[in-house]
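Enquirer: 3D, please:
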Amino acid sequence: MKLYSLRCFQVICKHNNITRASEELHVSQPSLSSIINDLENEFGVTLFYRLRKGLKITPEGERLLELSNELTAQADALIYEMKSLGNQNHTVKVGVGPIEGSIVFPRIFQALRETYPDTKLEIQETGSKLSAAMVMDGTLDAAMITYNDDVPGNFNFIDVRDLNILFYTSIENPLAYMTTFDYEAFKDAPLVLLNEQTFLNSFVENEYKRHGLTPNCILHTNQLYTIRKLLDENTASTFLFEGILNSREENIVAIPLPENYTAKSCLIWHKNHVPSTGLSNLIRILKSGLIKF
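Expert: Numbers count the residues shown, from 1 in each chain. Now for the predicted structure:
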């Protein structure tokens, strides 16, 4: 038994006529006749007397009509309440990387505030790996992650923007004159890197390993002030996305990598989870093209 079958049965009872019920429901007469036959076979009762001028409901049919009206009314109330809850859910829990979020999210906040003022973002600062895991287990509704490979198949995603990776060092560094980063030349250079769960940290470790080297990391931190301070004092160098530090205003130099590496920042959410109203609004904003980087 399906709710749809009961709703069709109720309309047939209203008209006591298959033809008029078919016209109201926009369902073929044979399909409605089949629904009635299936209900009768399932319950082992006759629901209608078939007369030349139409149908006449049986006592068993009247009892089914009474009970089905109660059942579909409860179903309608359930649907209304659950949809109301969904419509009220305007808060989105989003995981954002500690550094890349500073490039991407200010404009997203502004666009949401202007277009969907009821939508609120609860930001949790985490690296891309942990954010993806938290979306998988439902702790987060979505996450802004950075990647340079395929996004895992468990997620729906929207690419937000490309992020160029640069090497930053003090202008006082003897190698600051280099126009292209050289792994061998900087193999012993002290580095300050983002925390282990971040994309950039994994990227640096993998690239050094690819060149047969190990990065000389003296500190992992997500504090941009600490990174700037170490660069200003020529204590360490770092790898960051273009735009996080402004080399024209600070005592630092940005050196491009030899392969001109570009990562992608994207929003991910679980493929098998229905987006809430708030998350749907965030997705619409990112798909609309309203946000310019």
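Enquirer: please count neighbours and contacts with C-alpha atoms only from this point.
Expert: Fine.
Enquirer: and the contacts of stretch 228-243?
Expert: 100, 103, 163-173, 189-193, 200, 204, 218, 227, 250-252 (Cα atoms under 8 Å, 6 or more residues apart in numbering).
Enquirer: wouldn't residue 55 be in contact with residue 16 here?
Expert: Yes. If you go by Cα atoms under 8 Å, residue 55 and residue 16 touch, sitting 4.9 Å apart.
Enquirer: are any of the contacts of stretch 228-243 buried, and which?
Expert: 100, 103, 163-171, 173, 189-193, 200, 204, 227, 251-252 (16 or more other Cα atoms under 10 Å).
Enquirer: so which of these are in strands?
Expert: Members of those lying in strands (criterion: DSSP state E): 163-170, 190-193, 252.
Enquirer: pull the most distant pair out of the residues you listed.
Expert: 163 and 190 (23.8 Å; Cα to Cα).
Enquirer: helices or strands next to the longest helix seen in the chain in the packing?
Expert: For the chain, the longest helix by residue count, based on DSSP state H, is helix 59-88. In terms of contacts (3 or more Cα pairs under 8 Å, 6 or more residues apart in numbering; DSSP states H and E), helix 59-88 is packed against helix 3-15, helix 277-288.
Enquirer: now distance to residue 155 too, for those helices, in JSON lines please.
Expert: As requested, the helices and strands packed on helix 59-88 are arranged in JSON lines below (distance: least, Cα to Cα, whole Å):
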{"stretch": "helix 3-15", "distance to residue 155": "32"}
{"stretch": "helix 277-288", "distance to residue 155": "13"}
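Enquirer: closest to residue 223 out of those helices?
Expert: helix 277-288 (27.2 Å).
Enquirer: make a markdown table out of the helices and strands packed on helix 59-88 and add mean neighbour count, mean pLDDT and distance to residue 235.
Expert: Rendered in a markdown table, the data for the helices and strands packed on helix 59-88 read as follows (neighbours: other Cα atoms under 10 Å; pLDDT from 0 to 100; distance: least, Cα to Cα, whole Å):
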| stretch | mean neighbour count | mean pLDDT | distance to residue 235 |
| --- | --- | --- | --- |
| helix 3-15 | 17 | 91 | 70 |
| helix 277-288 | 18 | 89 | 39 |
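Enquirer: quick one: which of the ones you listed is nearest residue 144?
Expert: So among the helices and strands packed on helix 59-88, helix 277-288 is nearest, using Cα to Cα, at 11.7 Å.
Enquirer: tilt between the closest one and helix 59-88?
Expert: 60 degrees (axes from the mean of the first three to the mean of the last three Cα atoms, to 10 degrees).
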